[in-house]
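> Next come a sequence and a model predicted from it.
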Amino acid sequence: QVQLVESGGGLVQPGGSLRLSCAASGFTFSSYAMSWYRQAPGKERELVAVIRNNGGITTFADSVKGRFTISRDNAKNTVYLQMNSLKPEDTAVYYCNGRRGSANYWGQGTQVTVSS
């Protein structure tokens with residue numbers, strides 16, 4: 001059974017940091033590109049960051065470049081999103097995604113709220 005379980009969300013003040021984790025099971029994690037998406041209330045889900053299966057190439061949305069970092073530990077079947085200098089507009093539900101060919105898996109999401 002495929003599972004992606006996000007954790008690490010919460011309430012943080014503007015300028016603060018959070019580290020999201022996504023623990024994967026039920027598929028060959030090291031063969032999959034992993035991504036983080038987010039969806040704010042009333043908005044479409046958007047891609048935040050992607051990391052290739054070997055961790056060698058990463059991509060970020062313009063809105064988070066220089067503030068967010070994506071990484072993975074294939075030995076732990078876990079992908080991370082380090083979020084620094086958080087802004088109120090980063091408030092959203094953050095989703096973990098694993099993709100390889102036609103296989104496309106999603107986590108249940110974790111809420112991140114940036115507010116003073």
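Alright, I've got the coordinates. Fair warning: this is a prediction, and the values are worked out from it, not measured in the lab. Residues are numbered from 1 along each chain as shown.
> Backbone dihedrals for Phe29, please?
Note on Phe29: backbone dihedrals following degrees, to the nearest 10 are phi -50, psi -40.
> neighbours of it, just the number please.
The tally of other residues near Phe29 (other Cβ atoms under 10 Å) stands at 22. Quick note: C-beta positions are derived from backbone N, CA and C, even for glycine.
> Likewise for Thr28?
By other Cβ under 10 Å, neighbour count at Thr28 equals 13.
> Just the pLDDT for it.
Note on Thr28: pLDDT of 97.
> That one and Val5: what is the separation?
17 Å (Cβ to Cβ, to the nearest Å).
> And for the worst-scoring helix or strand of the chain on mean pLDDT, what's in contact with it?
The weakest-scoring helix or strand in the chain, judged by mean pLDDT, DSSP states H and E, is strand 58-60 (a mean of 82). With contact meaning Cβ atoms under 8 Å, 6 or more residues apart in numbering, strand 58-60 is reached by 48-52, 68-70.
> Show me the shaky parts of the protein.
Within the chain, no stretch has pLDDT under 70.
> Okay, and the residue nearest to the spatial centre of the chain sits in which element?
With distances taken as Cα atoms, centre = their mean, Trp36 lies nearest the centre of the chain, 2.9 Å away. Using DSSP states H and E, Trp36 falls within strand 33-39.
> how many other residues sit next to Thr69?
By other Cβ under 10 Å, neighbour count at Thr69 equals 16.
> and it, that one's in a strand?
Yes - under DSSP: H, G, I helix; E, B strand; the rest coil, Thr69 sits within a strand.
> Tell me the bridge partners for it.
The partner list for Thr69 in beta bridges (DSSP bridges) reads Gln82.
> got a list of what the closest residue to Val48 other than its chain neighbours touches?
Spatial nearest neighbour of Val48, excluding adjacent residues (Cβ to Cβ, 6 or more residues apart in numbering): Trp36 at 4.4 Å. Residues counted as contacts of Trp36 (Cβ under 8 Å, 6+ apart) are 20, 22, 47-49, 70, 79, 81, 94-97.
> what does Ser30 give?
For Ser30, the contacting residues are 53-54, 74, by Cβ under 8 Å, 6+ apart.
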